[in-house]
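[1] coords below, sequence missing:
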């Protein structure tokens with residue numbers, strides 16, 4: 001073990017240094033006035049939408065720089081993000097998760113299955129999307145939607161939250 005540690009110390013870093021930043025380039029770490037905390041629930045999907053969510057949450061897109069982050073508890077979430085067709089077994093779990101969230105709260109259906117049941121529409125085991133549970137939920141269609149589409153919808157949701165009422169004189 002010591003031999004490996006000594007080899008690592010003697011070798012040093014093998015990565016290339018960052019390229020110099022142009023003086024007029026904006027900083028990617030801008031302060032964010034409002035953030036969006038997301039609780040994701042998979043309601044029985046094929047996991048294609050989850051793979052796109054993982055890609056959107058990676059370092060290439062870096063949504064945390066814009067104040068968008070995923071949280072483990074619905075009590076810390078502003079947005080319930082649902083993927084997959086809403087199955088009979090997940091209906092109560094989705095309702096419980098939504099009730100556990102603090103107000104104001106929103107719901108976003110990602111993918112055709114969450115929007116309208118997708119290829120599972122009409123099955124006796126599926127409730128045909130989140131509309132039956134949460135009327136007025138925002139939707140991103142696609143099978144699966146791209147990370148760009150997902151992030152554009154999330155940024156639009158944060159933009160609407162950032163509009164402040166006019167200051168009274």
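    On my side now, so go ahead. The model shown is predicted, which means the values in this text are computed figures rather than measured ones.
[2] now the helices for the protein?
    For the chain, the helices defined by DSSP state H cover 2-11, 48-56, 88-100, 112-116, 147-162.
[3] Can you get me a residue count around residue 10?
    Number of residues near residue 10 (other CB atoms under 10 Å) recorded here: 7. Where C-beta positions appear, they are placed from N, C-alpha and C, glycine not excepted.
[4] Next one: it, what pLDDT does it get?
    Looking at residue 10, its pLDDT reads 86.
[5] Could you find the closest non-adjacent residue to residue 91?
    Of all residues not flanking residue 91 in the chain, residue 127 sits nearest, at 5.9 Å (CB to CB, 6 or more residues apart in numbering).
[6] Same check on residue 158?
    residue 36 (4.8 Å).
[7] Contact partners for that neighbour?
    By CB atoms under 8 Å, 6 or more residues apart in numbering, the contact set of residue 36 is 67-69, 78-79, 154, 157-158, 161.
[8] buried subset of those residues?
    67-68, 78-79, 154, 157-158, 161 (16 or more other CB atoms under 10 Å).
[9] Sheet partners, orientation included, of the lengthiest strand in the chain?
    Longest strand in the chain, counting residues (DSSP state E): strand 36-42. Counting by DSSP bridges, the strands paired with strand 36-42 are strand 68-70 (parallel), strand 79-83 (parallel).
[10] can you tell me the average pLDDT over it?
    So the average pLDDT for strand 36-42 ends up being 91.
[11] do stretch 78-96 as well
    Mean predicted lDDT for stretch 78-96 stands at 90.
[12] How about residues contacting the helix-or-strand element of the chain with minimal mean pLDDT?
    Ranking every helix and strand in the chain by mean pLDDT, DSSP states H and E puts helix 147-162 at the bottom, with a mean of 78. The contact list for helix 147-162 (CB under 8 Å, 6+ apart) reads 33-36, 38, 52-53, 55-56, 61, 63, 66-68, 79, 106, 108, 110, 138, 140, 142.
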